[in-house]
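1. predicted coordinates and the sequence they were generated for:
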Amino acid sequence: MDAKIIRKTFLKFFESRSHKIVSSAPIIIKNDPTLMFTNAGMNQFKDFFLGNKPADVRRVADTQKCLRVSGKHNDLEEVGMDTYHHTMFEMLGNWSFGDYFKKEAIEWAWELLVDNLKLPKERLYATFFGGDKNENLTGDNEAANYWNRFLPGAHILSGTKKDNFWEMGDTGPCGPCSELHIDLRPQSEIDQIPGSDLVNKDHPQVVEIWNLVFIQYNRLANGLLEDLPEKHIDTGMGLERLTMVVQGKESNYDTDLFQPLIQWIAKRAGKSYGDDEKADVAIRVIADHIRAIAFAIADGQLPSNNKAGYVIRRILRRAVRYGYTFLELKKPFLNEMITVLALQFDDVFPELTQQQQFIQKVIGEEEVSFLRTLENGLKKLESITKSGSHKIDGRMAFELYDTYGFPLDLTALIAKENGMEVDRIGFEKEMEAQKNRSKIAGKQTTGDWTVVNEGHEIRFSGYTEFETDTILLRYREVKQKDKVRYQLVLETTPFYAESGGQVGDTGYLQFGDEEIEVLDTKKENDLIVHLTEKLPSVLETSVKGVIDEYKRRSTENNHSATHLLHAALRSVLGDHVRQKGSLVNDKILRFDFSHFAKMTSDEIKEVERMVNEKICANITLNEQKNVPIDRAKEMGAMALFGEKYGDFVRVITFDPNYSVELCGGTHVPKTGNIGLFKIVSEGSSAAGVRRIEAVTSREAINFYEDKLSVIADIEGMLKTPKVKETVKKLMDENTSIQKKISELSNKMIVRIKKELKKEIEDKNGKNLIIYEGYFPNQESLKQLAFDLRREVENLVLLIAASIDNKPVLTVMLSDNLVSEGMNANELIRPMAREIKGGGGGQPFYATAGGKDISGLKKALNAGKEMIY
């Protein structure tokens with residue numbers, strides 16, 4: 001039975017038991033401050049468990065894309081080393097929101113595994129929560145009794161809180177859980193040691209396959225547990241491990257989920273999988289990592305240097321490094337694997353096929369960039385190994401890890417090959433210091449919700465009004481960086497919560513005579529949260545919520561202009577253009593889109609023309625609410641990859657033949673309200689992604705007024721209205737002057753070089769040249785240094801120069817002297833101190849600048865002392 005059939009069997013089984021089959025949420029989390037990535041199937045249902053909103057369907061099942069590479073669920077370092085750890089995996093799950101509970105969950109789990117998937121029941125074990133005295137919790141005998149109907153007592157095992165009590169986080173819904181394990185060992189081993197002795201002992205062949213969580217408690221911030229008003233079921237079963245079991249394999253990587261990728265990598269590397277353990281580990285790492293990388297990019301997270309983007313970049317670089325080091329893959333290869341991957345998932349996750357070209361482009365450019373960095377890191381490590389030291393200190397090992405992507409094991413391996421060791425303790429200290437800095441920067445303490453008025457249905461009224469009368473439902477205190485803030489939830493609110501690129505509203509809440517400023521409005525899952533600096537003195541009173549109307553209207557101008565811009569870009573550049581991110585506030589709009597080339601000035605002008613044409617047409621907004629998702633797609637509505645849409649959506653249309661998009665943001669009633677649109681910049685945002693920044697309305701008028709003011713000032717300076725002709729004439733004259741200066745500079749360099757070669761001083765077989773003088777620019781100084789390096793053997797060159805009345809130092813060495821241990825960086829540093837500056841470079845060539853031009857002679861003397 002292949003993986004596709006196993007997946008379908010699971011979903012059809014629960015569909016036949018009145019479960020609604022829902023699509024996977026994006027692997028990238030939005031509107032949840034506690035997570036960067038979806039790490040469990042229940043993430044998209046948190047609001048139901050937390051009681052933030054009622055479940056519209058009581059029974060649900062799905063297959064969820066998950067990623068575990070950060071926080072407490074971090075499997076990155078184990079990936080490839082064993083048979084079952086992964087970064088990205090599929091979580092099969094079924095849920096009950098206040099409907100069925102333990103009896104049905106256990107019965108159906110057994111029926112699916114034993115009757116449908118034909119797993120041998122004599123090899124199955126079930127665990128249950130055995131209780132915890134510290135929590136004053138009794139054992140889950142109810143679950144144990146249900147298992148007694150299917151398994152002998154020796155196969156029903158009592159577990160600890162660590163293994164059999166599931167918690168969402170430090171606070172929130174939680175409860176006992178029951179795990180199903182299977183013993184895959186040969187019968188001869190089972191006869192010697194029963195599987196019951198190996199359950200939850202990290203044995204690679206006695207593994208957990210399904211976790212049934214019985215959510216019945218809520219963990220408060222003070223650590224206490226309270227009963228939930230409704231009991232829920234949350235189950236999770238990894239498809240990769242289940243497929244291994246059903247297909248009778250000993251490793252997840254031997255299943256048809258991974259073998260197509262593994263065989264592709266092996267063929268590309270000229271290897272046979274299974275012949276060499278180090279190569280096999282590398283192949284498994286790459287096969288795993290490409291899945292995480294591709295799905296993250298498809299769901300809208302591009303590699304970057306921040307937060308989730310940095311995690312994806314680390315995974316990508318880790319895969320490249322394994323290929324480079326252990327498989328001799330020195331050129332980009334990951335991007336080519338997307339063809340294989342997209343074909344594997346075309347029936348369940350079509351986003352890979354739909355965005356294949358874009359994903360390949362992003363990965364390819366990242367690979368090219370990192371291969372250069374990797375090569376530089378290896379050169380740096382090589383220079384360390386040739387320094388004569390017997391140890392790589394912890395700080396340098398951490399720099400190699402943090403800057404060049406070198407895991408400690410790679411640095412240690414290269415060090416060992418060169419008769420060196422690594423200061424592992426120092427490395428761990430640097431790593432811990434970085435983690436502590438991150439924790440301190442992001443640490444936030446959140447209190448429990450205090451309920452003021454009962455209510456769960458939160459209504460947003462801001463599409464049609466800027467103020468509303470309402471009541472306060474609940475609040476909580478939040479502490480971060482020694483600041484205390486409060487989060488308030490209203491029954492009805494006109495405040496738009498930040499989402500979809502549009503910033504949250506600000507304004508105030510009127511509690512009687514007391515006015516409370518709203519600093520920001522955010523979404524926590526689907527909960528609209530208002531951030532304030534203080535609480536009102538009286539909570540149980542009517543509240544008037546009033547937003548900053550001018551800011552909202554300006555933001556709406558920019559949001560609607562973004563829709564018009566998106567349509568114009570697709571018209572001018574092609575249908576491959578897709579939104580990849582946006583920021584919309586009251587000052588500016590920023591729009592990221594897929595495109596592989598810099599826009600020409602003509603393309604920018606045409607896009608501006610089209611947008612302003614639609615603004616002048618004063619098109620009326622057509623807002624359609626609660627449109628079935630399939631109907632919206634038939635209408636041609638643009639949906640964004642990486643967004644999770646429900647069965648019913650909101651469609652925003654400005655001319656059905658021009659702009660139709662799914663959108664939850666606020667918009668102008670007519671395009672004429674936008675007034676004017678102007679692109680102020682266009683550039684690269686990431687590999688395969690361009691970014692436009694633009695202004696509208698008053699900001700656009702200000703932009704033009706500023707430009708006209710500058711033109712008027714230039715006309716005054718030139719004393720002519722013919723600015724273009726006059727500036728061109730001045731530029732031509734400047735080019736001619738620069739050419740003459742260059743000619744004179746070249747002659748000067750030839751003369752200086754000739755004189756310096758006559759003054760070469762022999763110092764212990766080294767040809768020493770020392771010079772102090774004026775240079776017209778940095779280029780002439782550099783040219784002289786490289787000319788002398790080509791023409792003089794065993795060269796040691798020290799130059800102290802004055803350029804634009806600023807001190808500049810240069811050190812140049814011949815390659816053979818560098819090989820013998822000399823280093824231009826070590827020479828330049830003490831010299832730079834004499835001019836109150838700093839600098840560096842490469843072992844053969846280094847430069848420095850400073851503030852004190854009077855120190856040039858002292859700088860040369862400092863250099864001479866090191867050579868003599």
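-> All right, it came through fine. Numbers count the residues shown, from 1 in each chain.

2. mind listing the helices in the stretch 601-750 of the chain by residue range?
-> For the stretch 601-750 of the chain, applying DSSP state H, counting those that start in this stretch gives helices covering 601-616, 629-634, 697-718, 723-758.

3. measure how the third one sits relative to helix 723-758, angle-wise.
-> Angle, helix 697-718 to helix 723-758, by axes from the mean of the first three to the mean of the last three Cα atoms, to 10 degrees: 70 degrees.

4. so what's residue 626 up against?
-> 648, 649, 650 (Cβ atoms under 8 Å, 6 or more residues apart in numbering). In this view, the C-beta of every residue, glycine as well, is placed from N, C-alpha and C.

5. confidence score at it?
-> With respect to pLDDT, residue 626 has a value of 92.

6. what is the nearest of the contacts of residue 626 to residue 423?
-> Of all those, residue 649 has the smallest distance to residue 423: 56.4 Å, by Cβ to Cβ.

7. ok, that closest one touching residue 662?
-> Yes. In this structure, residue 649 is within contact of residue 662 by Cβ atoms under 8 Å, at 5.0 Å.

8. shared neighbours, the two?
-> 632, 637.

9. hang on, the earlier thing: closest one to residue 347 among the helices of the stretch 601-750 of the chain?
-> helix 629-634 (18.3 Å).

10. average pLDDT for the closest one?
-> 89.

11. for it, list every residue counted as buried.
-> Within helix 629-634, the residues that count as buried by 16 or more other Cβ atoms under 10 Å are 629, 632.

12. ramachandran angles for the nearest residue to residue 512 once chain neighbours are set aside?
-> With sequence-adjacent residues excluded and distances taken as Cβ to Cβ, 6 or more residues apart in numbering, residue 512 is closest to residue 541, at 5.4 Å. The phi and psi torsions at residue 541 (degrees, to the nearest 10) take the values phi -150, psi 170.

13. next, count neighbours for residue 541.
-> By other Cβ atoms under 10 Å, the residues close to residue 541 number 14.

14. ok, it to residue 320 distance?
-> Using Cβ to Cβ, to the nearest Å, residue 541 is found at 60 Å from residue 320.

15. just residue 552 next, same as before
-> Residue 552 is 46 Å from residue 320, by Cβ to Cβ.

16. the two: which has the busier surroundings?
-> The neighbour comparison of residue 552 against residue 320 (other Cβ under 10 Å) goes to residue 320, with 26 against 21.

17. show me what secondary structure element comes after the host helix or strand of residue 846.
-> Taking DSSP states H and E as the definition, one finds residue 846 inside strand 845-849. Later in the chain than strand 845-849, the nearest helix or strand by DSSP H and E is helix 856-867.

18. buried residues in that following helix, which are they?
-> For helix 856-867, burial by neighbour count (16+ other Cβ under 10 Å) applies to 856, 859, 860, 862, 863, 864.

19. do stretch 50-59 as well
-> By 16+ other Cβ under 10 Å, the buried positions in stretch 50-59 come out as 50, 52, 55, 58, 59.

20. need the contact list for residue 476.
-> Neighbour list for residue 476: 446, 447, 448, 449, 450, 486, 487 [criterion: Cβ under 8 Å, 6+ apart].

21. now do the fourth one against residue 350, distance only.
-> Think residue 449. Distance of residue 449 to residue 350, computed by Cβ to Cβ: 39 Å.

22. returning to what we had before: in a markdown table, list the buried residues of helix 856-867 along with pLDDT and distance to residue 264.
-> Formatted as a markdown table, the buried residues of helix 856-867 follow (pLDDT from 0 to 100; distance: Cβ to Cβ, whole Å):
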| residue | pLDDT | distance to residue 264 |
| --- | --- | --- |
| 856 | 94 | 60 |
| 859 | 94 | 57 |
| 860 | 94 | 59 |
| 862 | 92 | 57 |
| 863 | 91 | 55 |
| 864 | 89 | 60 |
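
23. possible to save those as JSON lines with distance to residue 480?
-> Converted to JSON lines, the buried residues of helix 856-867 look like this (distance: Cβ to Cβ, whole Å):
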{"residue": "856", "distance to residue 480": "50"}
{"residue": "859", "distance to residue 480": "48"}
{"residue": "860", "distance to residue 480": "53"}
{"residue": "862", "distance to residue 480": "48"}
{"residue": "863", "distance to residue 480": "50"}
{"residue": "864", "distance to residue 480": "55"}
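
24. now do the helices in the stretch 201-350 of the chain.
-> Secondary structure of the stretch 201-350 of the chain (DSSP H, counting those that start in this stretch): helices located at 239-246, 259-269, 277-298, 307-326, 338-344.

25. out of the ones you listed, nearest to residue 556?
-> Nearest to residue 556, of all the helices of the stretch 201-350 of the chain, is helix 307-326, at 28.3 Å by Cβ to Cβ.

26. and residue 836, how many residues sit next to it?
-> 14.

27. which residues does it contact?
-> Applying Cβ under 8 Å, 6+ apart, we find residue 836 in contact with 850, 851, 852, 855.

28. noted, bye for now.
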